[in-house]
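Everything below, folded, please.
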Amino acid sequence: MSLLLSSAALSLLAGVAVWIAGRRDPAESPLLTLGSLMTMLALPLLTLLPKVTVEMSALPLPDSPAVSSPAIHSIVVIWAGGMIFFALRILVDWIGLRHFRAGSALSKDPVIAQVLRECTSQLSLRREVRVKVHPQAPTPFVAGLFRPVIYLPERCSQWERDTLRMVLMHELGHVARHDLWTNLTARCACTIYWFNPLVWWLRGKLITQCEFACDARVIAAGTNPGNYASALCDIAEASALPASAMAMAGRAPLRARIERVVRCRSKGHPFVIAVALILTVSASLGLSVIRLSPTQIAMSAPGTGIAEPSELYTAEELFLRSSARAFPVD
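Residues are numbered from 1 along each chain as shown. Okay, the predicted model is just below:
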């Protein structure tokens with residue numbers, strides 16, 4: 001139960017911090033969102049740390065009924081059932097991606113190979129990234145944690161060289177930023193805390209921020225913002241994409257991306273993001289380590305629940321209290 005309460009409090013704090021940091025620029029806080037989700041993933045391990053008990057004074061209260069063991073058992077069973085369900089969804093998506101990959105063919109277009117080398121060199125990317133063409137690819141996307149592959153639709157042979165460069169630059173940006181691992185981290189957090197809507201909101205926010213960051217990288221490479229916005233509109237035909245993939249025109253809101261590309265909004269201060277991330281991590285440690293223990297005074301007597309003074313104080317304390325003067329100044 002303490003883990004559920006700690007995760008709910010931490011997700012609320014992280015959601016507020018991400019919302020405040022993203023009010024000026026939606027792409028300002030990808031590290032804050034990712035750090036919040038990674039902290040929530042580490043929360044079950046943090047609960048194993050030694051506890052620091054903090055006693056709090058409380059009024060005399062009757063004994064509150066504890067949560068019954070069958071109720072706790074039911075909560076654990078429901079939680080575990082949800083985790084198994086969403087873990088199976090990740091497995092099904094991985095199997096579906098393998099079947100999808102089997103229907104693709106390695107690109108043999110020399111123009112695509114040349115543009116790929118140019119974009120890889122410009123991003124200083126040392127990892128080998130292959131390009132495959134799939135007849136059922138709705139939009140360009142990249143998939144593969146250890147061996148990333150960029151999948152292009154068959155109509156890519158009709159694209160202009162500038163459009164092809166923007167597409168490959170965007171997808172290679174996901175590889176350079178390790179966004180595929182970021183997406184997996186967010187999905188694992190949603191698997192553990194599937195019952196918490198704030199965690200799902202943080203995952204959607206993180207995906208959007210990754211797309212914003214790759215858009216900014218393409219613009220910084222010298223691409224005309226207007227041409228890039230037009231390319232986004234032309235390619236935005238994504239329907240059903242693999243959940244483990246990152247697409248140029250995928251699940252992120254297209255309108256917000258185009259507005260940001262055209263306006264070229266500047267980022268805010270990274271100091272605010274660092275402070276918010278430190279506060280979020282510190283709060284998670286506090287929720288995991290500190291244990292509040294209210295001090296209750298048992299006042300019960302035989303039959304009525306009120307204890308006798310002799311049961312609360314020693315004989316010496318009773319003598320001092322009975323012999324003490326009520327008004328010592330007199």
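
need the strands for the stretch 51-200 of the chain, in chain order.
Per DSSP state E, counting those that start in this stretch, the stretch 51-200 of the chain carries strands over the ranges 52-57, 105-106, 130-133, 141-143, 149-152.

Dump the third one to CSV, restricted to CA.
Once non-C-alpha atoms are left out, strand 130-133 reads as follows in CSV (Å, rounded to 0.1, in the frame of the first residue of the first chain):
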residue,chain,number,x,y,z
ARG,A,130,20.4,0.4,-42.3
VAL,A,131,17.5,1.5,-44.5
LYS,A,132,14.8,-0.9,-45.6
VAL,A,133,11.8,-0.4,-47.8
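
How about residues contacting that strand?
Outside strand 130-133, the residues that touch it by CB atoms under 8 Å, 6 or more residues apart in numbering are 101, 104-107, 112-113, 116, 147-154, 156, 168. No exception for glycine: its C-beta is placed from N, CA and C like everyone else's.

Name the strands paired with it and say parallel or antiparallel.
Here strand 130-133 is paired, per DSSP bridges, with strand 105-106 (antiparallel), strand 149-152 (parallel).

remind me, longest helix of the chain?
Secondary structure of the chain per DSSP state H: the longest helix is helix 69-102.

What helices and strands are in contact with that helix?
Judged by 3 or more CB pairs under 8 Å, 6 or more residues apart in numbering; DSSP states H and E, helix 69-102 is in contact with helix 179-192.

buried set for the helix it packs on?
Buried positions in helix 179-192, judged by neighbour count with 16 or more other CB atoms under 10 Å: 179-180, 182-183, 185-192.

which of the contacts of strand 130-133 count as buried?
Neighbour counting with 16+ other CB under 10 Å marks 104, 107, 112, 116, 148-153, 156, 168 as buried within these.

with those in mind, which one is nearest to residue 3?
Nearest to residue 3, judged by CB to CB, of the buried ones among the contacts of strand 130-133 is residue 148 at 34.7 Å.

Of the strands paired with strand 130-133, give the one that comes closest to residue 69.
Comparing these under CB to CB, the one sitting nearest is strand 149-152, at 50.4 Å.

for the record, mean pLDDT for the closest one?
Strand 149-152 carries an average pLDDT of 92.

what does stretch 31-44 give?
Rounded mean pLDDT across stretch 31-44 is 84.

likewise stretch 8-25?
77.

Only the buried residues of it, if you could.
Neighbour counts using 16+ other CB under 10 Å place 8, 10-11, 13-15, 17-18, 21-22 of stretch 8-25 among the buried residues.

who's in contact with the nearest residue to residue 136 once chain neighbours are set aside?
Among residues not flanking residue 136 along the chain, residue 103 sits closest, at 6.9 Å (CB to CB, 6 or more residues apart in numbering). Taking CB under 8 Å, 6+ apart, we find residue 103 in contact with 134-136.

buried subset of those?
Of these, these count as buried by 16+ other CB under 10 Å: residue 134.

Low-confidence regions, the stretch 151-300 of the chain specifically.
Along the stretch 151-300 of the chain, the parts satisfying pLDDT under 70 run over 236-242, 247-254, 263-300.

Include distance to residue 218 when you put the buried ones among the contacts of strand 130-133 into CSV, please.
Compiled in CSV, those are given as follows (distance: CB to CB, whole Å):
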residue, distance to residue 218
104, 24
107, 20
112, 17
116, 15
148, 17
149, 20
150, 14
151, 18
152, 16
153, 19
156, 17
168, 10
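
Which of these sits closest to residue 198?
residue 148 (30.1 Å).

Return the distance of that closest one relative to residue 17.
Per CB to CB, to the nearest Å, residue 148 is found 31 Å from residue 17.

Residue 185 is in contact with residue 41, isn't it?
Yes: with contact defined as CB atoms under 8 Å, residue 185 reaches residue 41; the gap is 6.9 Å.

helix or strand right after the helix or strand where residue 4 lies?
Using DSSP states H and E, residue 4 falls within helix 2-21. Counting by DSSP H and E, the element after helix 2-21 in chain order, helix or strand, is helix 30-46.

CA atoms of that next one as CSV?
Only the C-alpha atoms of helix 30-46 are listed here, as CSV (Å, rounded to 0.1, in the frame of the first residue of the first chain):
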residue,chain,number,x,y,z
PRO,A,30,12.5,15.9,-22.1
LEU,A,31,15.2,15.1,-19.5
LEU,A,32,12.8,16.1,-16.7
THR,A,33,10.1,13.8,-18.0
LEU,A,34,12.5,10.9,-18.6
GLY,A,35,14.1,11.4,-15.2
SER,A,36,10.7,11.3,-13.5
LEU,A,37,9.7,8.1,-15.3
MET,A,38,13.1,6.5,-14.4
THR,A,39,12.7,7.5,-10.8
MET,A,40,9.3,5.9,-10.7
LEU,A,41,10.8,2.7,-12.1
ALA,A,42,13.4,2.8,-9.3
LEU,A,43,10.7,3.5,-6.7
PRO,A,44,10.2,-0.3,-5.9
LEU,A,45,13.9,-0.6,-5.2
LEU,A,46,14.0,2.6,-3.2
